[in-house]
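just the structure for this:
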Amino acid sequence: MIKHIDAIGAPSTKGYPLSHAVVSNNLVYTSGQIYLTAEGKLLEGTIEEKTHQVMKNLQAILLAAGSSFESVLKTTIYVTDMEIYGKLNTVYASYFSKNYPAREVICVKSLPLGAEIEISLVASVEAL
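Numbering: from 1, shown residues only. Below you'll find the predicted structure:
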């Protein structure tokens with residue numbers, strides 16, 4: 001069974017051919033999240049503020065899927081400039097306990113809407 005997740009508190013997917021996440025076989029796969037606000041506006045601010053917005057979007061999606069950051073198995077982080085890695089990493093780490101998920105950080109030329117950060121997650125589902 002596949003369950004498509006549309007999370008309240010995360011930017012709307014209306015008009016886009018995607019779900020916030022898909023749950024299958026007790027795993028949740030999130031779509032990549034940039035620092036869009038719930039109103040669909042790209043957040044202006046520091047790298048730290050932008051990273052917090054990305055993580056808040058992911059948190060809303062995980063919650064809607066019956067999961068949490070404690071159940072994240074793997075993250076994929078895309079950045080457009082490795083110079084922001086240190087600041088991003090500090091904020092990212094604050095959302096996890098000592099048992100960090102597996103992760104990769106990939107530097108890319110560009111991201112949707114001119115964003116500098118995009119993060120996606122794979123997590124186990126605590127309850128459907």
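
what strands line up against whatever helix or strand Thr76 lives in, and which way round?
According to DSSP states H and E, Thr76 maps onto strand 72-79. Using DSSP bridges, the strands paired with strand 72-79 in its sheet are strand 102-107 (parallel), strand 117-124 (antiparallel).

okay, these, which one's buried deepest?
Neighbour counts (mean count of other CB atoms under 10 Å) averaged over each of the strands paired with strand 72-79 peak at strand 117-124, with a mean of 22. Backbone N, C-alpha and C define where each C-beta goes, glycine included.

only C-alpha atoms, please: export that strand in CSV.
Extracted C-alpha coordinates of strand 117-124, given in CSV (Å, rounded to 0.1, in the frame of the first residue of the first chain):
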residue,chain,number,x,y,z
ILE,A,117,19.5,24.7,0.1
GLU,A,118,17.3,21.7,-0.5
ILE,A,119,16.9,18.7,1.8
SER,A,120,15.0,15.4,1.5
LEU,A,121,14.6,12.6,4.0
VAL,A,122,13.9,8.9,4.3
ALA,A,123,12.5,7.9,7.7
SER,A,124,10.8,4.9,9.3
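
quick one: it to chain centroid distance?
5 Å (CA atoms, centre = their mean, to the nearest Å).

ends of stretch 91-98, how far apart?
Distance between the two ends of stretch 91-98: 14 Å, counting by CA to CA, to the nearest Å.

picking that back up, with mean pLDDT and distance to Tyr85 added, can I get the strands paired with strand 72-79 in JSON lines?
As requested, the strands paired with strand 72-79 are arranged in JSON lines below (pLDDT from 0 to 100; distance: least, CB to CB, whole Å):
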{"stretch": "strand 102-107", "mean pLDDT": "97", "distance to Tyr85": "7"}
{"stretch": "strand 117-124", "mean pLDDT": "98", "distance to Tyr85": "10"}
